[in-house]
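Enquirer: quick check, what structure comes out for this input:
(chains A and B)
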Number of protein chains: 2
Amino acid sequence: MTKTSRQGKFISGHKHGRVPRAVRQQQLLDVAEELFTAQGYEYTSIEEVARQAGVTRPVVYEHYGSKEGLYLACVERARARYEAAMAETFGSGMDIPTQLERTGELYFGMIEDNPARWLLLFGGAAVPAVGKLGQQLTNLRFQTVRQLTQQLRVQVPEVPEEQLEAAMHAISGISEQLGHWWLRHPDVPKAQVISLYCTFIRGGIARSW
Amino acid sequence: MTKTSRQGKFISGHKHGRVPRAVRQQQLLDVAEELFTAQGYEYTSIEEVARQAGVTRPVVYEHYGSKEGLYLACVERARARYEAAMAETFGSGMDIPTQLERTGELYFGMIEDNPARWLLLFGGAAVPAVGKLGQQLTNLRFQTVRQLTQQLRVQVPEVPEEQLEAAMHAISGISEQLGHWWLRHPDVPKAQVISLYCTFIRGGIARSW
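Expert: This is a model prediction of the structure:
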């Protein structure tokens, strides 16, 4: 979606007031994600999201309840897309080392495409991890890990549940911290980060599973 | 230090106004760490820290500049202690698997002792990782990893610098996420978490180094 097509009152193809609920929701998430990414969660108001989306504030509240709700919905959508891409990889029938490499491409590709967006949605950078919102964010992260664990389950039926889940959390930590490290070493090529990621994890799962 | 000994105007052994600078600073950090841990960073005021320490607000500002400064000093002190304990392990002459197990004891022991304190100081739970404060927190984390990398360096001189540093970031991510996972699975014994941690990392470093 281009910048112009989702700003202002009209979403192309829909007259004002006739925008289907699902389309409006996606538009609000697009606008919010862009504003949160560009200027920070803290410095973005519902007012501003409404204005850029060409709706009134009550419309945003009606769909998402609060700024927290809007932010959580952004995270949830991004995670759902990431989980779907991962599911495709895990279901591809490729061998495990190739799948692992592909997951590295997905994750570090996301960072390469838009580091600020990754920080906002995956890098734990928007809000403190305590309180109700922090708890909800942690829940979403755990949901992703649970999802990926289930997707992978069929390929490694011999690994005990707890061990597999713990390993997936370990891998999520590796990805995140290598991501932060990479942001501070932008001279390191993506291929090299992915190679470090794959090598470390291949070793880890060779011993753990 | 017991609760009574650091509350009120008098620190045992020192008359009011005669408390040496370094002693006062440690006392303020003790009080702040306890309040931040018990009620959350967000809900703790300099006013309250001053009151519990038996000093006026300007005294806290004089030593730490701001609430952010006070919090960063808490993190810095905790990290310095953790780094010192790690240095002792790395310098112990034990074999690497034993050292690794010992680092797991240190890390997960810290979580076991006081989960809320760990979340506050190591679990990225107090403040968002963006903005100036977030940047400073990330700097402290990177300092710890750099420190540990240098400590380990002599034991694995053959591992390229970048690879070693990246692996240490990966390990820091594993520790953190296994920590969060453990908090949600309190039924898992510490020994088992440490075993999962060691197994995964042993494999990772066997391949990476």
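
Enquirer: over to stretch A:120-133 now: how far is its first residue from its last?
Expert: Stretch A:120-133 has an end-to-end distance of 14 Å (CA to CA, to the nearest Å).

Enquirer: tell me the average confidence for that stretch?
Expert: On average, the pLDDT along stretch A:120-133 is 73.

Enquirer: quick one: low-confidence ranges for chain A?
Expert: Across chain A, the ranges flagged by pLDDT under 70 are A:1-17, A:124-130, A:204-209.

Enquirer: tell me where it has helices.
Expert: A:21-39, A:46-53, A:57-64, A:67-90, A:96-113, A:115-121, A:131-153, A:161-184, A:190-208 (DSSP state H).

Enquirer: alpha carbons of the third one, as CSV, please.
Expert: It stands for helix A:57-64. C-alpha atoms of helix A:57-64 as CSV (Å, rounded to 0.1, in the frame of the first residue of the first chain):
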residue,chain,number,x,y,z
ARG,A,57,-10.5,9.5,17.2
PRO,A,58,-13.6,7.6,18.3
VAL,A,59,-13.1,5.4,15.2
VAL,A,60,-9.7,4.4,16.3
TYR,A,61,-10.9,3.7,19.9
GLU,A,62,-13.8,1.7,18.5
HIS,A,63,-11.5,-0.7,16.7
TYR,A,64,-8.6,-0.9,19.1
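
Enquirer: contacts for that helix?
Expert: Residues outside helix A:57-64 that contact it (CB atoms under 8 Å, 6 or more residues apart in numbering or on different chains): A:21, A:24, A:25, A:28, A:46, A:47, A:49, A:50, A:53, A:70, A:73. Placement of C-beta: from N, CA and C, glycine included.

Enquirer: which parts of it are buried?
Expert: Using 16 or more other CB atoms under 10 Å in any protein chain shown as the test for burial, helix A:57-64 gives A:59, A:60, A:63, A:64.

Enquirer: which one of these is nearest to chain B?
Expert: Closest approach between the buried residues of helix A:57-64 and chain B, by CB to the nearest CB: residue A:64, at 19.7 Å.

Enquirer: where's that closest one relative to residue A:73, distance?
Expert: Distance of residue A:64 to residue A:73, computed by CB to CB, to the nearest Å: 6 Å.

Enquirer: with residue A:58 instead?
Expert: As judged by CB to CB, residue A:58 and residue A:73 stand 17 Å apart.

Enquirer: picking that back up, show the buried residues in the contacts of helix A:57-64.
Expert: A:24, A:28, A:46, A:49, A:50, A:53, A:70, A:73.

Enquirer: the helices of chain A into a markdown table, with extra columns for distance to residue B:37?
Expert: Below are these laid out as a markdown table (distance: least, CB to CB, whole Å):
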| stretch | distance to residue B:37 |
| --- | --- |
| helix A:21-39 | 29 |
| helix A:46-53 | 32 |
| helix A:57-64 | 32 |
| helix A:67-90 | 24 |
| helix A:96-113 | 32 |
| helix A:115-121 | 26 |
| helix A:131-153 | 14 |
| helix A:161-184 | 23 |
| helix A:190-208 | 32 |
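
Enquirer: nearest to residue B:119, out of those?
Expert: Among those, helix A:131-153 comes nearest to residue B:119, with 9.4 Å by CB to CB.

Enquirer: related to what we said a few turns ago, any chance of the buried residues of helix A:57-64 in TSV, with distance to residue A:163 too?
Expert: Below are the buried residues of helix A:57-64 laid out as TSV (distance: CB to CB, whole Å):
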residue	distance to residue A:163
A:59	47
A:60	43
A:63	41
A:64	38
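
Enquirer: which single one of the residues you listed is nearest to residue B:191?
Expert: Nearest to residue B:191 among the buried residues of helix A:57-64 is residue A:64, at 44.1 Å by CB to CB.

Enquirer: residues near residue A:81, how many?
Expert: For residue A:81, the count of nearby residues is 11 (other CB atoms under 10 Å in any protein chain shown).

Enquirer: make that residue A:87, sorry
Expert: Quick note: residue A:87 (other CB under 10 Å) scores 15 neighbours.

Enquirer: go on, the one 5 residues further on?
Expert: Residue neighbour count, defined by other CB under 10 Å, stands at 11 for residue A:92.

Enquirer: same deal with residue A:65?
Expert: 12.

Enquirer: then residue A:115?
Expert: 16.

Enquirer: distance of the residue nearest to it when sequence neighbours are not counted from residue A:171?
Expert: Closest residue to residue A:115 apart from its sequence neighbours, by CB to CB, 6 or more residues apart in numbering or on different chains: residue A:183 at 5.8 Å. Noted for residue A:183: a distance of 19 Å to residue A:171, by CB to CB.

Enquirer: between these two, which has more neighbouring residues?
Expert: Ranked by neighbour count (other CB under 10 Å), residue A:183 and residue A:171 place residue A:171 first, with 25 against 15.

Enquirer: state the distance from the residue nearest to that one when sequence neighbours are not counted to residue B:196.
Expert: Leaving aside its sequence neighbours, residue A:171 sits nearest to residue A:201 (CB to CB, 6+ apart; 5.8 Å). Distance, residue A:201 to residue B:196, using CB to CB: 14 Å.

Enquirer: do the same with residue A:21
Expert: The gap separating residue A:21 from residue B:196 is 44 Å, by CB to CB.

Enquirer: same check, this time on residue A:77
Expert: The gap separating residue A:77 from residue B:196 is 31 Å, by CB to CB.
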